[in-house]
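3D, please:
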Amino acid sequence: MMVINESTLKETKFNSDQLESLAKAFWALVKKYNLNNSELKVVLGKDFDSKTIKKYRDSNSLPEGEPDLILRAVHMLGIHWSLRVLYPHNPSLVYSWMKTQTPEFDNKSPIEILKESGYKSLMALMSIRNYLDYKRASA
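Model (predicted):
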């Protein structure tokens, strides 16, 4: 199993088809999760203005040369995959989970955790994914 982190992404050369597929899946997920621009900025770790977000959303793309953003998109898809495995018969839970307060996170939602983590939001995103990966592996 390949570990995906920022140094791996810097060394890995994605072709345009792979990046396009990743971006398309990411934006479809953003839509299903009903993330607003404020929440999306936290997930992406960038203070994009609404016009920039709309540009990337409408074109199903992500900024080139931004391994951090690619890593964040990969982690969001990993979170989604774990949720789909954990709750295969409950899509409404899967798509609301990021905004749902949970005792495992001190009665905060994953989005709240990301917002509170500030500049460490990538680490928080990775921790959320690791938690779900562990939970999925233990199920």
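
Which SSE is immediately downstream of the top helix by length along the chain?
Ranked by number of residues, the top helix in the chain under DSSP state H is helix 67-86. Once the chain leaves helix 67-86, the next helix or strand it forms, by DSSP states H and E, is helix 91-96.

from the middle of its chain, how far away would that following helix be?
Its chain's C-alpha centre and that of helix 91-96 lie 15 Å apart, by C-alpha atoms, centre = their mean, to the nearest Å.

can I have the longest helix of the chain written out in CSV, keeping just the CAs?
Taking Å, rounded to 0.1, in the frame of the first residue of the first chain, the C-alpha atoms of helix 67-86 are listed here in CSV:
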residue,chain,number,x,y,z
PRO,A,67,0.5,19.5,-4.0
ASP,A,68,-1.2,20.6,-0.8
LEU,A,69,-4.5,20.9,-2.6
ILE,A,70,-4.1,17.6,-4.3
LEU,A,71,-3.3,16.0,-1.0
ARG,A,72,-6.4,17.5,0.6
ALA,A,73,-8.6,16.3,-2.3
VAL,A,74,-7.2,12.8,-1.9
HIS,A,75,-7.9,12.8,1.9
MET,A,76,-11.4,14.0,1.3
LEU,A,77,-12.0,11.2,-1.1
GLY,A,78,-10.4,8.8,1.4
ILE,A,79,-12.8,10.1,4.1
HIS,A,80,-15.7,9.5,1.8
TRP,A,81,-14.6,6.0,0.9
SER,A,82,-14.4,5.0,4.5
LEU,A,83,-17.8,6.5,5.2
ARG,A,84,-19.3,4.6,2.3
VAL,A,85,-17.8,1.3,3.7
LEU,A,86,-18.9,2.0,7.3
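
Buried residues of that helix, list them for me.
Buried residues in helix 67-86, counting neighbours by 16 or more other C-beta atoms under 10 Å, are found at 67, 69-80, 82-83. No exception for glycine: its C-beta is placed from N, CA and C like everyone else's.

Go through the residues you listed and name the one nearest Pro110.
Of all the buried residues of helix 67-86, Pro110 sits closest to Ile79, with 7.9 Å by C-beta to C-beta.

which residues touch the longest helix of the chain?
Outside helix 67-86, the residues that touch it by C-beta atoms under 8 Å, 6 or more residues apart in numbering are 4-6, 9-10, 14, 19, 22-23, 25-26, 29, 43-46, 62-63, 93-94, 97-98, 110, 122, 125-126, 128-129, 132-133, 135-136, 139.
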